[in-house]
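S.K.: Sequence plus predicted model, see below.
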Amino acid sequence: MVNNTLAQIRQNKKQQFFIEIGVIIAILILFVIILPLIVSPFRLQLLGRFLALAIVGLGIDLIWGYTGLLSLGHGIFFALGGYAFMMHVKLQIPSGELPEFFNLYGVTELPFFWQPFHSFPFTFIAIFIIPAIVAGLLGYLVFRNRIKGVYFSILTQAALIVFYNFFNGQQKLINGTNGLKVDKETLFGFLISAPSTQVVFYQFTIIFLLLSYLLCRWLTSGRFGKLLIAIRDDENRVRFSGYDPTWFKVLVFAVSGAIAGISGALYTVQTAIITPSIMEVAFSIEMVIWVAVGGRATLLGAIIGTLLVRLGQSFLSEQFPDIWLFFQGALFLIVVTILPNGIVGWWHNWAWIKLKSIFGLNPPLITYPSLEKNPEESP
Amino acid sequence: MNETILEIDDLTVSFDGFKALNHLKFKMNKGELRVIIGPNGAGKTTFLDVITGKVQPTEGNVFFKGKNLRKISEHQIARMGIGRKFQTPRVYLNLTVKENLDLVANKTKNVFSTLFNKSTEQDKRTVASLLETIGLTAKAELQAALLSHGEKQRLEIGMLVAQSPDLLLVDEPVAGLTDEETENVGNLLLALAESHSIIVIEHDMEFVRQIAKQVTVLHQGTVLCEGTMNEVQNDPRVIEVYLGQETSLERDEIVIVRIAATMAWADFNLTPEEQDIIITNLSKQFADSSEDELLLKEELINFLGENIPLSDLVPLLTTEEEKLKVLQLSNQIINSHGINQLENQVYQELLELLNLPTEIVNSLIN
């Protein structure tokens, strides 16, 4: 009897697995193939940017939703990824020449750290490795000294401001406040600003979003994921159980930073510009809001939250150009007060059960579903 | 055979000049179940904090299996084989019972093996058998947040064992539990004591009596005394610390009062006459002066509240003279009003335990 149910559980899991793969493929076809055919290029580009932002949402969910560390400094990693990619783009000029802006400041020789960005493979790796290293170092210093909670958030925000000011001031290195902008550069012979190239970037964004999602899924399932939740619940207990939380947190922070870097690169190439303003405090806080709206520790929530907030923003700002910010504020208030677990949390805890009971699939439950069934009876 | 598992050598911990532990010395053998008691602020929790590496000693050293624990971090100490249970149950509320145990049962706890390795068959078996031991098999898939307080306590003890430590440190395991749950936890600890060395910190004296063989009393950061439960309970210094007042009684005098109290409680009722007899009698006997007598009367009342089994008390009497005193007093007490069956039973038990020559007993009775 017990074996029977075990087999059943396995069967169910298998079934669920195939359903999930089916859903993912369906969404993929919809977004990659169908949407580009029916949506205007302008809208598609907007969507592409939002999907790129959803990737950094995943990174925030990993470090905040699962591990309980509220990072307000993900703008750093986002910008590092963006700058890395843009530096490669700016070097798509006849050899021997310098990117235009250097002339303004009388720079005659390419700064040394620009050199490796001639190579695409290097750039590709740098987009996620550099943010990962910076996040890892910052994380190590912070976590080794057992800084957590609010102090961690403050420190990440302080780091963000340091980077912001540094990037702003370095005209001779990276064009300071003006940032780096795509003009007529080409990538592998394609004009970057051409709509047809942008569609390809849009499609790449979806693929990287999927890859990031799968990576996060893998990290958060299994023992490692459980340990992250354990760190969030009671870090001291983890320590007294024989784990060293420091290295787990460093790794997660680095991975989260790497994901933010990828997001930054994809976003930058679709907006055609990166400036230090991407490291303004408000933007890093907005990332956290996306995850809060979608639902912490759900992964899917991070994606849904980012898309909803951003789509809502662009819709409201078009309809009510003067007062749309009020609507946005109201939305956040509603989420914090009425849906503390975000949209996905609300769906799981309430709406899904309600919906099922409407269609008579499940009797309505008054208390926790798991308490309602007597565990002594069920095998 | 008697291998030392834990040795603490002249340990001092001071927080801003306040000495939480003060030149503490402590030694424990492998396989021992030791209970540590002490009033609030005696330094019990700090004692555990130092062993587990949460607090670094200001002076002195802790040796676990001969190794000095100074400068070793908490997780490494945990891996060496010291497990700790906290005062309030600390389990991972958002994980299921099974996941809680599985995390701790994991043998290799570095980052990458946790990431890449799946639970081995052996881990799964450990978890399954532990679930049975702590009686939570039916709730294995339930979130720990949904467990009752007592179930969480048991789960945490289970997590401790999953760590397969050599030394278990258990901080107030029965605080806030019902009598039945307390007994369950007690039996669980006794079962564990067969294969582990355990240090239990506890306030609940009934519970201590259930499980303890050796008791250490901490007071103001030092070891006040050590011994069996009965030895400790009748030590004047311990009584002083617990009652918060000084007692002028000697150790054997305390034992005599306690036996008298037990005799009086034999029918589960302490009548005023009985109390009167004990107090006037003993205060006269123990006092050096009439002034002293009055003080003693008040003090003695404090000892009448407890009904401690005779078999624990009588062996503590050392001289024949004391035994006679006890017998005499007991006679008076049960004769204060008509003897009933319960009292008779206890009296017979007393006679047996005292094991005095029959002629002496007879001469006393008549």
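M.R.: Sure, I can see it.
S.K.: Now do B:N307, the pLDDT please.
M.R.: Model confidence at B:N307, given as pLDDT, is 75.
S.K.: Between its first and last residues, how far does stretch A:108-127 reach?
M.R.: 26 Å (Cα to Cα, to the nearest Å).
S.K.: so how many other residues sit close to residue 96?
M.R.: No chain specified, so I'll use chain A. Here the number of neighbours of A:G96 (other Cβ atoms under 10 Å in any protein chain shown) works out to 6. C-beta here means a position set from N, CA and C on the backbone, and glycine is covered the same way.
S.K.: oops, I was thinking of chain B
M.R.: When neighbours are counted by other Cβ under 10 Å, B:T96 registers 19.
S.K.: where does the stretch 1-150 of chain B have low pLDDT?
M.R.: The stretch 1-150 of chain B contains residues with pLDDT under 70 at B:1.
S.K.: Pick out the residue in chain A sitting closest to chain B.
M.R.: Closest to chain B within chain A is A:G242: 3.9 Å, counting by Cβ to the nearest Cβ.
S.K.: ok, that residue - contacts?
M.R.: Shown in contact with A:G242 (Cβ atoms under 8 Å, 6 or more residues apart in numbering or on different chains): B:75, B:78-79, B:104, B:109, B:163.
S.K.: State the helix or strand in which B:N2 lies.
M.R.: Using DSSP states H and E, B:N2 sits in no helix or strand.
S.K.: My guess is it contacts B:N29. True?
M.R.: Yes. At 4.9 Å, B:N2 counts as touching B:N29 under the criterion of Cβ atoms under 8 Å.
S.K.: ranges for the strands of the chain?
M.R.: Picking chain A for this. Secondary structure of chain A (DSSP state E): strands located at A:180-181, A:186-187, A:190-191, A:273-274.
S.K.: The intended chain is chain B.
M.R.: B:4-15, B:18-29, B:33-37, B:59-64, B:67-68, B:82-85, B:167-171, B:197-201, B:214-219, B:222-227.
S.K.: Could you give the number of residues near B:T178?
M.R.: Using other Cβ under 10 Å, B:T178 has 12 other residues around it.
S.K.: got the contact list for the residue nearest to it when sequence neighbours are not counted?
M.R.: Once flanking residues are discounted, B:T178 sits nearest to B:G150: 7.1 Å by Cβ to Cβ, 6 or more residues apart in numbering or on different chains. Listed by Cβ under 8 Å, 6+ apart, the contact set of B:G150 reads B:177-178, B:181, B:184-185.
S.K.: Could you export the residues you listed as CSV, including pLDDT and distance to B:L115?
M.R.: Listed next are the contacts of B:G150 as CSV, based on pLDDT from 0 to 100; distance: Cβ to Cβ, whole Å:
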residue, pLDDT, distance to B:L115
B:L177, 84, 38
B:T178, 86, 42
B:E181, 85, 38
B:N184, 85, 37
B:V185, 85, 35
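S.K.: Just the buried subset of the residues you listed, please.
M.R.: Buried members of these, counted by 16 or more other Cβ atoms under 10 Å in any protein chain shown: B:177, B:181, B:184-185.
S.K.: residues contacting the residue nearest to the spatial centre of chain A?
M.R.: Per Cα atoms, centre = their mean, the C-alpha nearest to the average position across chain A is that of A:V56, at 1.6 Å. Contacts for A:V56 were tallied using Cβ under 8 Å, 6+ apart; they are A:74, A:78, A:259-260, A:263-264, A:287.
S.K.: likewise B:V346?
M.R.: By Cβ under 8 Å, 6+ apart, the neighbours of B:V346 are B:262-263, B:266, B:310.
S.K.: Which members of those are the farthest-apart pair?
M.R.: Spatial extent of the contacts of B:V346 (Cβ to Cβ) is set by the pair B:A266 and B:L310 at 9.5 Å.
S.K.: Spatially nearest residue to the residue of chain B found nearest chain A, not counting backbone neighbours?
M.R.: Ranked by Cβ to the nearest Cβ, the top residue of chain B for proximity to chain A is B:A78, at 3.9 Å. Once flanking residues are discounted, B:A78 sits nearest to A:G242: 3.9 Å by Cβ to Cβ, 6+ apart.
S.K.: Relative to B:T108, how far out is the one you found?
M.R.: Counting by Cβ to Cβ, to the nearest Å, the separation of A:G242 from B:T108 is 10 Å.
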